[in-house]
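Q: Would you be able to build a 3D model of this:
(2 chains, ligands or ions: 1)
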Amino acid sequence: MITDFPEAPLPLLDGTETTAELAEFGGDPVIPKGLRRTVFPVITKEDTFHMLRSQRSSPEKVVEEFAERYRSYVGAHSALPVASGTASLHMALVGAGVMPGDEVIVPAFTFIATAQAVVAAKAVPVFVDIDPHTYCMAPERAEAAITERTKAIMPVHVHGLPADVPALRGVCERNGTVLVEDASHAHSAGIGDSMCGSLGTAAGQSLMADKNFPLGGEGGIAFFSSDEAHQRAVSCLARNGIDYRMSWIVASFGTSQLQRLGYYDAIRARNAAELSRALDETGLFTPPYVPEGYTHSYNMYRIGLRPEAVGLEDLPVWKVKEAVHELLVAEGVPAREWQNTPIPCHLPFTHRHGFGNGYPFTLNPEAARDHTPQDFPVVRAMLESTLVLCRELRSPVEHERLQRYAAAFRKIAKRPDAIRTLVNERNYPRPPHQEAARLG
Amino acid sequence: MKMESIDTAMVLNRILTSGIVMSIEKNDKELPGLERLLSKHTSRSEVVLLNSRTAAVHAALAGLGKGHGENALCPELDEELRAFVTWLGITPDEAGEEETPGFDLVTVTPEHASERIAEAGRSTAAAVVLDLTPLGFGPAGAVVTDLRRVRDRAERLKIFGAFDLRTMWTQRESEPDLVPGVQFNYRLSPLVAGCVRMALMQALSADKASRTSGTGVNS
Ligand SMILES: Cc1ncc(COP(=O)(O)O)c(C=O)c1O
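A: Modelled structure (predicted):
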């Protein structure tokens, strides 16, 4: 029988970890092999018991119960549970009144589904650059991209940090457009007392397994700020025979997991805060930026690099990133790239076949533009100079594991010489955006 | 026949406790397991799993290369599916007596699961859409075909669909020409797939037992 239980506890730090030889060069890794697995979500007896109970209920009721509980948690006016985050964004856009041929402004840095949902709504995604600190849509770039045909602005709360909604609302108000959130990374995140998912005219949110609030594999939920918006989405499904329904199995798991969401969030916030303090002291690494009053949910934790702080300013930053990446992985910290090029450089947006024969791009040819990574200098700079922790920090990891992450960053920051050696030896061939586009 | 609650509970518990429940997880065994079962019993080499019957119809059409602004020879469609195909921008032409539609449509009910799977196996269409929703685990569907091309295109309609255990690491697209324009998250949950597989396995083995003993079971 497979068990979630760890084989052994992680040893407590003894102080020698940060001065030992780097694992890349034969030293002991900070996180020993065999003790690197993190488990998320945790499955408890409540999950299995609730699943049993759900079998005795009607499927519709199970889904409804989940949607109502979560809607109330988020504080949205109404909710529509669906099969995926992509479907929820499609419904959010339709609910917000997006019509075929309309333009919807989206950030060039997100998951491809944000933009594909716009196409699903038969509208045209218009891509804009991000803010260099938050990595979310830059409000001034959004405003500059507005045309007569712009119907909606759809910011993404990237990695779990709410986008600059106050500024974006201002842009919407000045220009007669609506705000639709992609809250797929931002479960329990918010600004002040308001939670992501309740900040715009409508919102979509993924509940798939890689998210902070994962349902049974795949799921999503759309939120609406009015009955009219909700009704527009529901009638679009009915009129067009689209089956986006959520499975009761998926929903049942959501209801039982919802009870533990607060616990997961609290541990993740505590861990992120501690890791951020540690990174701040390294010089080389910078933690995610969180504006005052904002709650970041850390679905991903993006770490910046400052080669100049350790005398490596003569090296291209993307090569420093490659070297640091190798060193981290060797220490047992599975840092990653997440996205390597702006979304408009992915195939579906370079050839723009849409539903076939170019529809809906053909409805609005002026909005359908060819792009290169150079069109989004902030996205490009971020991709070249940052790395991400995903599941490893999303899980409610034990404190000793967190301390070991911090130790690994400290250990590497002390060794600019090793970074320089790797950069010289490896001859990393090309920056991330010159590689073929990857989804995640 | 309908699957016993206790069996459903067993399957769900087994999958829930198997580790990370994720359709794009390289270690997932539920989705490939259902694919193999459908392949074997419909005698089709290729299977694409989807999260609803409309997704499966979309995948079949995309697999056959049909897109917005085109006509497609379809089997008899109910009102919902006709609306859906029209929403895709495709005009559904009903196949006449002498014509073979591009795809066939088979609804797999709990009462007649094994006959319906057999029926799909006998179809002469290039692709068969299976509606697995009536089995009771939520919306679910599949496309079965012998044409690798149809499978390759249909998989790519699902975001992440074309990547498998081998290609997930690099996510290098092996056939950029087959990448569609619009893509949906039509991925089926492994929990749903596991239950569908168990229900089909039971129906198929009950049917086999009844055929060897000479008594009907699915009455
Ligand atoms: C920002 C963002 N938007 C949308 C989605 C799409 O959600 P789903 O995969 O549930 O369709 C995802 C994740 O998968 C995402 O990360």
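
Q: Let me know how buried A:Glu173 is, in neighbour terms.
A: 10 (other CB atoms under 10 Å in any protein chain shown). For every residue, glycine as well, the C-beta is placed using N, CA and C.

Q: before we move on, what about B:Arg36?
A: 12.

Q: Could you tell me whether it really is in a helix?
A: Yes: with DSSP: H, G, I helix; E, B strand; the rest coil as the criterion, B:Arg36 is part of a helix.

Q: Tell me the predicted confidence for it.
A: Looking at B:Arg36, its pLDDT stands at 98.

Q: doesn't B:Leu147 make contact with B:Val48?
A: No: in terms of CB atoms under 8 Å, B:Val48 does not count as a neighbour of B:Leu147; the distance is 11.2 Å.

Q: These two - which one has more neighbours?
A: Neighbours of B:Val48 and B:Leu147, each counted by other CB under 10 Å, are more numerous for B:Val48; the result is 31 against 16.

Q: Tell me, please, the helix or strand in chain B that averages the lowest pLDDT.
A: None of the helices or strands of chain B scores lower by mean pLDDT, DSSP states H and E than helix B:5-16, at a mean of 86.

Q: And for that helix, what's in contact with it?
A: Outside helix B:5-16, the residues that touch it by CB atoms under 8 Å, 6 or more residues apart in numbering or on different chains are A:43, A:47-48, A:51-52, A:55-56, A:216, A:249, A:253, B:21, B:30, B:137, B:190-191, B:194-195, B:198, B:202.

Q: need the strands for the chain, in chain order.
A: No chain specified, so I'll use chain A. Per DSSP state E, chain A carries strands over the ranges A:78-82, A:103-107, A:124-128, A:150-153, A:178-182, A:190-191, A:194-195, A:202-206, A:220-224, A:285-286, A:294-295, A:301-305, A:386-389.

Q: my bad, chain B
A: Under DSSP E, chain B gives strands at B:46-50, B:71-74, B:91-94, B:103-107, B:127-131, B:141-145.

Q: I'd like these laid out as TSV, including mean pLDDT and distance to A:Glu148.
A: Formatted as TSV, the strands of chain B follow (pLDDT from 0 to 100; distance: least, CB to CB, whole Å):
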stretch	mean pLDDT	distance to A:Glu148
strand B:46-50	98	38
strand B:71-74	96	34
strand B:91-94	94	32
strand B:103-107	98	41
strand B:127-131	98	41
strand B:141-145	98	40
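
Q: which of those strands sits most buried?
A: strand B:141-145 (a mean of 29; mean count of other CB atoms under 10 Å in any protein chain shown).

Q: Report all helices and strands that that strand contacts.
A: helix B:30-42, strand B:46-50, helix B:53-63, strand B:127-131, helix B:148-157 (3 or more CB pairs under 8 Å, 6 or more residues apart in numbering or on different chains; DSSP states H and E).

Q: how does it look with 7 Å?
A: Under the contact criterion of 3 or more CB pairs under 7 Å, 6 or more residues apart in numbering or on different chains; DSSP states H and E, strand B:141-145 touches helix B:30-42, strand B:46-50, helix B:53-63, strand B:127-131.

Q: what's A:Leu315 sitting at in phi/psi?
A: phi -90, psi 150 (degrees, to the nearest 10).

Q: Show me just the buried residues among the contacts of helix B:5-16.
A: Listed as buried from the contacts of helix B:5-16 are A:43, A:47-48, A:51, A:55, A:216, A:249, A:253, B:21, B:30, B:137, B:190-191, B:194-195, B:198, B:202; burial here means 16 or more other CB atoms under 10 Å in any protein chain shown.
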